[in-house]
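sharing a model that was predicted from the sequence below.
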Amino acid sequence: VSRYVFVDLETTSLDPRSGDVWEMAYAIDLQAVVYQCFVGHALYAADPEALKINRYHERWPGLPDKEAWPWEMNFKKALNGATLVAANPAFDADFLRFRWNLWREVPWRYRMLDLETYAMPALHLDEPKGLAYITEQLGTGNPDPHTAKGDVVALRDAFYELQRIYDERLP
Ligand SMILES: [Mg+2]
């Protein structure tokens, strides 16, 4: 049974009502494997600025991965009863709710964990800042920014570094 599922989605816009997910990644606790998948999506409401930031035109392979749908269902299963961890998890949760038609209930725990809020005391912030800022300040890095997999690795490394900092400070 997992405690944490670290999640990142690359999307065609910032609005879950019109945008769509085109790349997903997640990792469970400290397990070495980071799961990644290119998934089917629509582009009709895409925001060109969003596609530029996540380098859609360079990185989209042209077709979804084979077995993308079973992959997504495994992802959903991994989230079952787990704490969803993300940089601003409300964003990812909204996209997953729309995508998987989760109107009444979601598989993940009701309480999600936001890295951006979690980082505030360690970085002396008075408002949440984004993943790039946090990884830079912590020195934990990001192997591949604005890719789903790179962001999951960065998210998880930052989370455990923050946990280490808090463990040290709070006896
Ligand atoms: Mg990302």
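Happy to help now that I have it.

now this protein against the ion: closest residue?
Of all residues in the chain, residue 151 sits closest to the ion, at 3.6 Å by CB to the ion. All C-beta atoms are positioned from the backbone trio N, CA, C, and that covers glycine.

chain center to the helix ranked longest in the chain: distance?
As assigned by DSSP state H, the longest helix anywhere in the chain is helix 148-169. Chain-centre distance of helix 148-169: 13 Å, with CA atoms, centre = their mean, to the nearest Å.

ok, now stretch 124-137?
16 Å.

repeat that for stretch 32-47.
11 Å.

buried ones in that stretch?
Applying a neighbour-count criterion of 16 or more other CB atoms under 10 Å, the buried positions in stretch 32-47 are 34, 35, 36, 37, 38, 39, 41, 46.

give me the neighbour count for the residue nearest to the last one when sequence neighbours are not counted.
Across the structure, with CB to CB, 6 or more residues apart in numbering as the measure, the residue nearest residue 46 apart from its sequence neighbours is residue 12 (3.8 Å). Counted with other CB atoms under 10 Å, residues neighbouring residue 12 total 22.

residue 162 too?
By other CB under 10 Å, neighbour count at residue 162 equals 20.

great, nothing more from me.
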